[in-house]
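S.K.: Structural data only, the sequence is not supplied:
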Ligand SMILES: O=c1ccn([C@@H]2O[C@H](COP(=O)(O)O)[C@@H](O)[C@H]2O)c(=O)[nH]1
Ligand SMILES: [Zn+2]
Ligand SMILES: [Zn+2]
């Protein structure tokens, strides 16, 4: 988005020069509406996936966690001055997404330490990415959960404690607390009904959880423990009608006992911006992904007669929430009014909302935040994340062009699977190498390809496995059948599930992520690929309408992608091979075996290159072989 922020400049050290970016005062490029402050306010992050250094190649999402530490502290002070409550919450998935989170062993070792610098978090909960790998689950149990104490809620997630030989909750099941201004809150942290965890942990289904004694005791009336509001945090789609969300189960269980008490939900996992209304006293917010979005929520309507509230009714000098959750019903009796906003994760936004537009950086920065920024820079250096391996000739995106297009990331990645996943012992044999598109997490940008980028595109340590010499009559249709089945390897596009949203990159007008559901008809709407104007990004429509994005954006096309993609090598020039080595990442082993049928089982499957060669390892060799030559004059 050159028109807003000037050309991209992502040389490693430049990132850490603190300054308001050019374009900040342009209303088309940044926020122009003050936030609505209520009696109860929340800042919400989710699915950060290690993006704590910010988006080094996209200035619109260019703040780092140090900037957020500063922002959060400003906002806490503001809340204190206004006499209102502000909670800071996170709903999980800290791992798998960048070099900062994934170069270490176990992954997350550095990222969680940086995350812990934001010690003003009031409530956090666990994501599925904390549970795929046993070492990471134990790190979450013994380090992360210990650090956060009673603020870390895992109402339905347990881990086998080797010290006791029994299962224990990783965090706390629930937290009852009173805010600074007297609101008495009962909070839970609920992971969706996840089944992909390693055998170290156990995710209890929501339907079971709501029948457990501790839950019933927490929810039932107790005169010594009045409840003004329930908070449901969850790594769980915020929209309760979205497939896989278990919020409705928990909501129903609470509503049986408390027909009118506010139930406020903060969700995640589907990586979208969304806000859903459940009833006149219950709404649900989801705040995107990858440190691109900071969610803002506020509500008012508590008074000292219906609650323990002792704070200010309507903070002065700022807008206040005004919208009822349900407006079209004459039977609305709820006193509660709400607001929500999706903030772009950049310093301009943070400065605007913390100290006002036109303020100097010096008025924004706190030592606490600058120290975290320095810490992130030091870790990036220590982990060698800026090391350049090649020069990518153009931007390749996941969903902004049709699958199969020359600019689709799956075009070079199919080639990479074919050419960079090679077993020396089977090198000359025909092979088909299959991966799930869900394992590819981000676009690849024109310019220097760094060590960090290898994790940003392909963060998982999924081992390449294989079955030798599968008759082509069976293997030939495998990819098509996998995609028809749409099986477990699927990373559902967020847009299949909830609010309509699009997002673009600021690097290249045709690059994009996420996307509007459906037909890729950006051109029909008059947004041609080269005519994307101003500040491309999220354009969200939710239950409160289309004014949730703090910075207005132009949208870009979105094209659906299949669940699996593949590359092939050593096929005869004409016709087909007799047999083929079927190579695939371990994450999709059960999908592949299911399609191959009863003639094949796990007994036929062994590591292909080695038991250490994973989906983290094929990109760098590919980039070096293909694009290293362009390095000396690599444009940035
Ligand atoms: O080893 C793995 C683990 C996960 N995936 C992909 O990630 C999604 C889940 O990501 P969320 O951020 O929780 O949405 C899963 O569906 C897979 O597509 C993987 O490829 N390999
Ligand atoms: Zn996630
Ligand atoms: Zn998730």
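M.R.: Received the coordinates, thanks. Given the structure is predicted, the values throughout are model-derived calculations rather than measurements. Numbering: from 1, shown residues only. Ligands and ions are numbered 1, 2, ... in the order given.

S.K.: The closest residue to residue 333 other than its chain neighbours and ligand 2, how far apart?
M.R.: Beyond its immediate neighbours in the sequence, the residue positioned closest to residue 333 (Cβ to Cβ, 6 or more residues apart in numbering) is residue 280, lying 7.0 Å away. Bear in mind the C-beta positions are built from the backbone N, C-alpha and C, glycine included. In this view, residue 280 and ligand 2 are 31 Å apart by Cβ to the ion, to the nearest Å.

S.K.: Please look at residue 280 and residue 337 and confirm they touch.
M.R.: No: the criterion here is Cβ atoms under 8 Å, and residue 280 misses it with residue 337 at 10.6 Å.

S.K.: Name the residues contacting each of the two.
M.R.: Jointly contacting residue 280 and residue 337 under the rule Cβ atoms under 8 Å, 6 or more residues apart in numbering are residue 324.

S.K.: Just give me the neighbour total for residue 313.
M.R.: When counting by other Cβ atoms under 10 Å, one arrives at 16 neighbours for residue 313.

S.K.: Mind telling me what element it is part of?
M.R.: Mapping residue 313 onto the secondary structure by DSSP states H and E places it in no helix or strand at all.

S.K.: Might you report the residue contacts of it?
M.R.: Under the criterion of Cβ under 8 Å, 6+ apart, the contact partners of residue 313 comprise 39, 300, 303.

S.K.: Check those residues against residue 33 and report the nearest one.
M.R.: residue 300 (17.9 Å; Cβ to Cβ).

S.K.: Scan this protein for its longest helix.
M.R.: Under DSSP state H, the helix in the chain containing the largest number of residues is helix 65-82.

S.K.: That one: which residues count as buried?
M.R.: For helix 65-82, the neighbour count (16 or more other Cβ atoms under 10 Å) marks 65-76, 78-79, 82 as buried.

S.K.: neighbours around the single nearest residue of the chain relative to ligand 1, how many?
M.R.: Relative to ligand 1, the nearest point of the chain is residue 438 (2.1 Å; Cβ to the nearest ligand atom). If you count neighbours by other Cβ under 10 Å, residue 438 ends up with 18.

S.K.: And it, what's its pLDDT?
M.R.: Reading off the confidence values, residue 438 has pLDDT 98.

S.K.: Go ahead and report the secondary structure state at it.
M.R.: In the three-state summary, residue 438 is assigned as helix, counting by DSSP: H, G, I helix; E, B strand; the rest coil.

S.K.: ditto for residue 454
M.R.: With three-state DSSP as the basis, the three-state label of residue 454 is helix.

S.K.: for it, what are its contacts?
M.R.: By Cβ under 8 Å, 6+ apart, the contact list for residue 454 reads 99, 389, 616, 619-620, 623.

S.K.: Show me which residues of this protein sit near ligand 1.
M.R.: 47, 93, 128-129, 132, 269, 436, 438-439, 460, 462, 489, 491, 587 (Cβ under 6 Å from any ligand atom).

S.K.: Write out the residues of the stretch 201-350 of the chain neighbouring ligand 3.
M.R.: Where the stretch 201-350 of the chain comes near ligand 3, counting by Cβ under 5 Å from the ion, the residues are residue 269.

S.K.: Quick check: which ranges of the stretch 201-350 of the chain have low pLDDT?
M.R.: Along the stretch 201-350 of the chain, segments meeting pLDDT under 70 span 329-330.

S.K.: picking that back up, can you tell me how far the residue of the chain closest to ligand 1 sits from ligand 3?
M.R.: Using Cβ to the ion, we find residue 438 at a distance of 11 Å from ligand 3.

S.K.: Next: residue 356.
M.R.: To ligand 3, residue 356 is 36 Å away according to Cβ to the ion.

S.K.: for residue 121, same thing?
M.R.: In terms of Cβ to the ion, residue 121 sits 18 Å off from ligand 3.

S.K.: cool, residue 273 as well?
M.R.: Where ligand 3 is concerned, residue 273 sits at a distance of 16 Å (Cβ to the ion).

S.K.: residues contacting that residue?
M.R.: Contacts of residue 273 were listed using Cβ under 8 Å, 6+ apart, and they are 286-288, 293, 295, 342, 499, 501, 538, 540, 542, 548-549.

S.K.: Would you mind naming what in the protein lies close to ligand 3?
M.R.: The chain comes close to ligand 3 at residues 93, 127-128, 269, as judged by Cβ under 5 Å from the ion.

S.K.: rerun at 6 Å
M.R.: Proximity of the chain to ligand 3 (Cβ under 6 Å from the ion) is limited to residues 93, 127-129, 235, 269.

S.K.: Which ones among those also lie next to ligand 2?
M.R.: Checked against ligand 2 using Cβ under 6 Å from the ion, the residues of the chain next to ligand 3 yield the following neighbours: 93, 269.

S.K.: And the furthest pair within the residues of the chain next to ligand 3?
M.R.: When the residues of the chain next to ligand 3 are compared pair by pair using Cβ to Cβ, the two farthest from each other are 129 and 269, 9.6 Å apart.

S.K.: Compare the two (neighbour count), which wins?
M.R.: More neighbours surround residue 269 than the other of residue 129 and residue 269, with 29 against 26 (other Cβ under 10 Å).

S.K.: Now do that one against residue 153, distance only.
M.R.: Summarising the geometry, the distance separating residue 269 from residue 153, computed by Cβ to Cβ, to the nearest Å, is 16 Å.

S.K.: what's the nearest residue to whatever residue of the stretch 201-350 of the chain ends up closest to ligand 3 if we skip its chain neighbours?
M.R.: Nearest to ligand 3, among the residues of the stretch 201-350 of the chain, is residue 269, at 3.8 Å (Cβ to the ion). Using Cβ to Cβ, 6+ apart and skipping the chain neighbours, the partner closest in space to residue 269 is residue 235 (5.1 Å).

S.K.: Quick one: end-to-end distance for stretch 147-166.
M.R.: Its first and final residues considered, stretch 147-166 spans 22 Å by Cα to Cα, to the nearest Å.

S.K.: need the contacts of residue 313 in a markdown table with secondary structure and neighbour count, can you?
M.R.: As requested, the contacts of residue 313 are exported to a markdown table (DSSP: H, G, I helix; E, B strand; the rest coil; neighbours: other Cβ atoms under 10 Å):
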| residue | secondary structure | neighbour count |
| --- | --- | --- |
| 39 | coil | 29 |
| 300 | strand | 26 |
| 303 | coil | 11 |
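
S.K.: Just confirm residue 294 contacts residue 43, I think it does.
M.R.: Yes: assessed by Cβ under 8 Å, residue 294 is found in contact with residue 43 at 6.2 Å.

S.K.: Distance-wise, check the nearest residue to residue 553 once chain neighbours are set aside relative to residue 333.
M.R.: For residue 553, the nearest residue in space outside its immediate sequence neighbours is residue 537; the separation is 3.5 Å by Cβ to Cβ, 6+ apart. Between residue 537 and residue 333 the distance is 38 Å, computed by Cβ to Cβ.

S.K.: If anything else comes up later, I'll come back, but that's it for now.
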